[in-house]
Every structure is written in C-alpha cells, then in structure tokens.
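**Student:** Just need the structure, nothing else, for what follows:
(chains A and B)
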Amino acid sequence: MNWPDLSMGGYGFYVWGSYIFALILFVWEIVSLKQRRRALRQQQREQQRSSSVSPSVLTGSANETTS
Amino acid sequence: MNIYKYASPTMFYPLAGKMIPWFAIPAAILFAAGMYVGFFIAPTDFQQGDAYRIIFIHVPAAWMAMFLYVLMAIYAGVGWAFNARLASMMASAIAITGTIFTLLSLVTGALWGKPTWGTYWAWDARMTSTLILLFLYIGFISLQSAIDDTRRADRAGAVLALVGVINVPIIYFSVQWWNTLHQGATIRILGKPTIAPPMLAAMLIMLAACWLYSMAVVLIRVRCIILEREQNASRFAEVNA
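**Tutor:** Model (predicted):
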C-alpha cells in the first residue's frame, strides 16, 4: 500500500477542497434531518399530552383530510 | 401479502424505517472503499496529475443530480396523475438531496476546472444546463413551500418538475451537441470506457455509495414529511371536531 502524496502534486487545495465540500454537504444534510426529526418527536409528545387525539402514525389509523 | 398497502403513508412509515440501515450501512462502507481505491490504488494521471482525483466525487455527483431529478419528476407525476400522496411526498423528499448533488457537482467541477482549464467557471453548455438544473430544484422546493395546501403544492410542483425534465437530456447530450469546453463522456453505454480500470472502479464504487446514501436520506426525510403531514391532519381533525 502506497500512502498517497497529501499535497496531491500541488493540487491539494482543489482535490481536498472538493472532498471537504462534499463532506460538509453530507454532514449538513444528516444533521439537519436529525434536528427535523427531533423537533417532530417533541411536537408529537406535546400534542399527545394536550389532547386525547393521538397522532395516527403511531396508532396506525390513517386519517385523511385532503384527497 | 398485499404490497399495495405500502402506498399508504401510514403503512409505509415503519417499512421505510426498517429499510434505512440497509442503505445507510452499505453507503458508508462503499464511500470508504471508493476513497481507498481512488486515492491508494488508482495511479496519478499522466496529463492531469492528481487533480483528476476530483472526478471520483464530481462524476457520481453529476449523475446523481440528473438521476434524482428524473426520479423526482416521475414520483411527482405519479402523485399528480393517480392522486397518490406517498409518491408526492417522495418527490418532495428527493428534491433537497438532488439540490445537494447538483451543487456538489458544480463546485467540484469548478475546483477541477481551475487547475485543468485555468478557470473556475465558463458559460459552457454543460455547466449552464447544470446551473439551470440547480434552479429547477430550488424552484421546485420554493414553489412547494409557498403553497399552504399540501395537495395543491404537490400538483404545482409536479408541473414544474415534469416541464423541467427536458433539461436532463440537454445536460447529458450537451457535450455532443455543442462544441463545449467540458470534455465528452468518459463512460459510454456502447463501446469501451476511455479510462483506466482502477479509476473506473473508484468512480463506480462512489456512484453506488452516492445512490445508497441518497436512498437512506430520502427515506429519513420522507418519514419526517409523513409525520408532519399527519400531525397537520390530526390538528385539523381536532379543530374541526
């Protein structure tokens, strides 16, 4: 196994810049999805406490309002 | 077993949850494998030096940008034509991931262009049409978020997505139709690829990783969308009770 030349023959900025940008985008997407999910769970719990109508996703009964 | 029951968002929700690790774990493994082949096994290019290693992320990102757009348009079209709520939700879930890959392909393309062509950006046919793709994705997301009634938002989005599909073959064939700065296809459907085997392998492994990653995040997002819409629905039911 040959360890690659980290300077990328002088192209390090472009090569690592590309992969770091990709990593930033992927991490951002995953983190923002986790936050969105956490916020939804929170809302769901509050809703469950405040009313007897439980969210249908958890109980499995679909209620449709729009068609 | 009736598979059609999974067309219902409430039935699909737990199924999607079970599917996520089956996409996410192989995605992580293939990303690692692709990077390994791309940086440790693939040799330095005799013309472009190591700058060419950007293509291992650039080419898969550009493909995903196009694939996801077509997939989004199909889901949006099915949701519209058959009044299938889950299909419309899938279209909305794909849009953001598609935007991310389009942005990634433009930025990595610019970073490849600077050392190779001497410029970050040129108003070349392929780059311009890819920029239009980015605007189509952003337009789809903004249009949907601007309309409060979800089903109307889905229909409006579907019209935009389907009209925009015309841009995908334009991107794909742009390098043949116009005399562009951007190089031609490296991998052809017919005929031999014009690339060394380890380079091709790294690119294909990264493509598979990007596909699996996309499926995992789209499923996570569609679950959020199902929850959001169901919550709105139950709140609506409460208010109208």
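**Student:** What is the burial count for residue B:153?
**Tutor:** 17 (other C-beta atoms under 10 Å in any protein chain shown). For glycine as for every other residue, the C-beta is placed from the backbone atoms N, C-alpha and C.
**Student:** Only the buried residues of the host helix or strand of residue B:18, if you could.
**Tutor:** Secondary structure from DSSP states H and E places residue B:18 in helix B:9-36. Of the residues in helix B:9-36, B:9-13, B:16, B:20, B:23-24, B:26-27, B:30-31, B:33-35 count as buried by neighbour count, 16 or more other C-beta atoms under 10 Å in any protein chain shown.
**Student:** Could you check that helix against chain A for contacts?
**Tutor:** Yes - applying C-beta under 8 Å from any C-beta of the partner chain, one finds helix B:9-36 in contact with chain A at B:9-11, B:13, B:35.
**Student:** ok, of these, which one's closest to residue B:216?
**Tutor:** residue B:13 (15.6 Å; C-beta to C-beta).
**Student:** thought that closest one was touching residue B:226?
**Tutor:** Yes - using C-beta atoms under 8 Å, residue B:13 is in contact with residue B:226, at 5.2 Å.
**Student:** pLDDT wise, what is residue 24 at?
**Tutor:** The chain I'm using is chain A. We have a pLDDT of 98 for residue A:24.
**Student:** let's do chain B instead
**Tutor:** Confidence score, pLDDT, at residue B:24: 97.
**Student:** For it, which non-adjacent residue is closest in space?
**Tutor:** Closest residue to residue B:24 apart from its sequence neighbours, by C-beta to C-beta, 6 or more residues apart in numbering or on different chains: residue B:216 at 4.0 Å.
**Student:** what's the helix ranked longest in chain B packed up against?
**Tutor:** When chain B is parsed with DSSP state H, its longest helix is helix B:197-239. Contact here means 3 or more C-beta pairs under 8 Å, 6 or more residues apart in numbering or on different chains; DSSP states H and E; on that basis helix B:197-239 packs against helix A:12-50, helix A:56-59, helix B:9-36, helix B:55-81, helix B:85-117.
**Student:** pLDDT of it, averaged?
**Tutor:** 89.
**Student:** got the contact list for the residue nearest to residue B:24?
**Tutor:** For residue B:216, the contacting residues are B:20, B:23-24, B:27, by C-beta atoms under 8 Å, 6 or more residues apart in numbering or on different chains.
**Student:** same question, residue B:54
**Tutor:** Residue B:54 neighbours (C-beta under 8 Å, 6+ apart): A:14-15, A:18, B:108, B:111-112.
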